[in-house]
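Chemist: Sequence plus the predicted model coming up.
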Amino acid sequence: MNPLGHDQAAEYRRQAQEIRSIAQRISITEAREQLLESAERLERLAEAEERKAHPKGSKPEPNAQE
(Lines give C-alpha, C1' and ligand atoms only; values in the text may rest on other atoms or scores of the structure.)
Protein backbone atom coordinates (compact mmCIF):
# COMPACT_ATOMS: atom_id res chain seq x y z
CA MET A 1 0.00 0.00 0.00
CA ASN A 2 1.19 3.51 -0.73
CA PRO A 3 1.19 5.24 2.68
CA LEU A 4 1.30 8.70 1.10
CA GLY A 5 -1.82 7.97 -0.96
CA HIS A 6 -3.56 6.67 2.14
CA ASP A 7 -2.58 9.79 4.09
CA GLN A 8 -3.83 12.03 1.29
CA ALA A 9 -7.12 10.12 1.07
CA ALA A 10 -7.57 10.45 4.83
CA GLU A 11 -6.91 14.19 4.62
CA TYR A 12 -9.48 14.61 1.84
CA ARG A 13 -12.03 12.75 3.96
CA ARG A 14 -11.21 14.89 7.02
CA GLN A 15 -11.73 18.04 4.97
CA ALA A 16 -14.97 16.68 3.53
CA GLN A 17 -16.32 15.99 7.02
CA GLU A 18 -15.27 19.44 8.23
CA ILE A 19 -17.12 21.03 5.31
CA ARG A 20 -20.22 18.93 6.00
CA SER A 21 -20.17 20.06 9.64
CA ILE A 22 -20.03 23.70 8.55
CA ALA A 23 -22.78 23.11 5.99
CA GLN A 24 -25.10 21.77 8.69
CA ARG A 25 -24.88 25.13 10.48
CA ILE A 26 -25.44 27.33 7.42
CA SER A 27 -28.97 28.40 6.66
CA ILE A 28 -28.28 29.97 3.28
CA THR A 29 -29.27 27.33 0.74
CA GLU A 30 -26.81 28.28 -1.99
CA ALA A 31 -23.81 28.36 0.34
CA ARG A 32 -24.84 25.04 1.85
CA GLU A 33 -25.12 23.44 -1.60
CA GLN A 34 -21.68 24.73 -2.58
CA LEU A 35 -20.13 23.32 0.58
CA LEU A 36 -21.78 19.94 0.06
CA GLU A 37 -20.53 19.87 -3.55
CA SER A 38 -17.02 20.59 -2.25
CA ALA A 39 -17.32 17.72 0.21
CA GLU A 40 -18.41 15.36 -2.57
CA ARG A 41 -15.47 16.47 -4.72
CA LEU A 42 -13.08 15.75 -1.86
CA GLU A 43 -14.63 12.28 -1.40
CA ARG A 44 -14.03 11.57 -5.11
CA LEU A 45 -10.40 12.70 -4.73
CA ALA A 46 -10.01 10.39 -1.71
CA GLU A 47 -11.38 7.47 -3.70
CA ALA A 48 -9.00 8.23 -6.57
CA GLU A 49 -6.04 8.26 -4.16
CA GLU A 50 -7.12 4.91 -2.75
CA ARG A 51 -7.43 3.41 -6.25
CA LYS A 52 -3.87 4.57 -7.00
CA ALA A 53 -2.64 3.06 -3.74
CA HIS A 54 -4.40 -0.27 -4.36
CA PRO A 55 -3.87 -1.51 -7.92
CA LYS A 56 -6.30 -4.10 -9.30
CA GLY A 57 -6.20 -7.29 -7.32
CA SER A 58 -4.82 -5.82 -4.11
CA LYS A 59 -7.09 -5.37 -1.14
CA PRO A 60 -7.10 -2.18 0.92
CA GLU A 61 -6.36 -2.48 4.60
CA PRO A 62 -9.34 -1.85 6.88
CA ASN A 63 -9.57 1.76 8.03
CA ALA A 64 -8.70 1.83 11.72
CA GLN A 65 -10.68 5.06 12.18
CA GLU A 66 -14.04 3.54 11.19
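Modeler: Arrived safely, thanks for sending.

Chemist: buried residues in stretch 47-56?
Modeler: E49, E50, A53, H54 (16 or more other Cβ atoms under 10 Å). Placement of C-beta: from N, CA and C, glycine included.

Chemist: Closest to Q34 out of the residues you listed?
Modeler: The closest of these to Q34 turns out to be E49 (Cβ to Cβ; 22.9 Å).

Chemist: surely the closest one meets Q8?
Modeler: Yes: between E49 and Q8 a contact is recorded at 4.8 Å, counting by Cβ atoms under 8 Å.

Chemist: the helices in the protein, which residues?
Modeler: For the chain, applying DSSP state H gives helices covering 3-25, 29-53.

Chemist: Just name whatever secondary elements the longest one is in contact with.
Modeler: With contacts defined as 3 or more Cβ pairs under 8 Å, 6 or more residues apart in numbering; DSSP states H and E, the secondary structure elements packing on helix 29-53 are helix 3-25.

Chemist: by contact count, what packs against the helix it packs on?
Modeler: If you count contacts as 3+ Cβ pairs under 8 Å, 6+ apart, helix 3-25 packs onto helix 29-53.

Chemist: For E30, the count of nearby residues, please.
Modeler: Neighbourhood size, E30 [other Cβ atoms under 10 Å]: 8.
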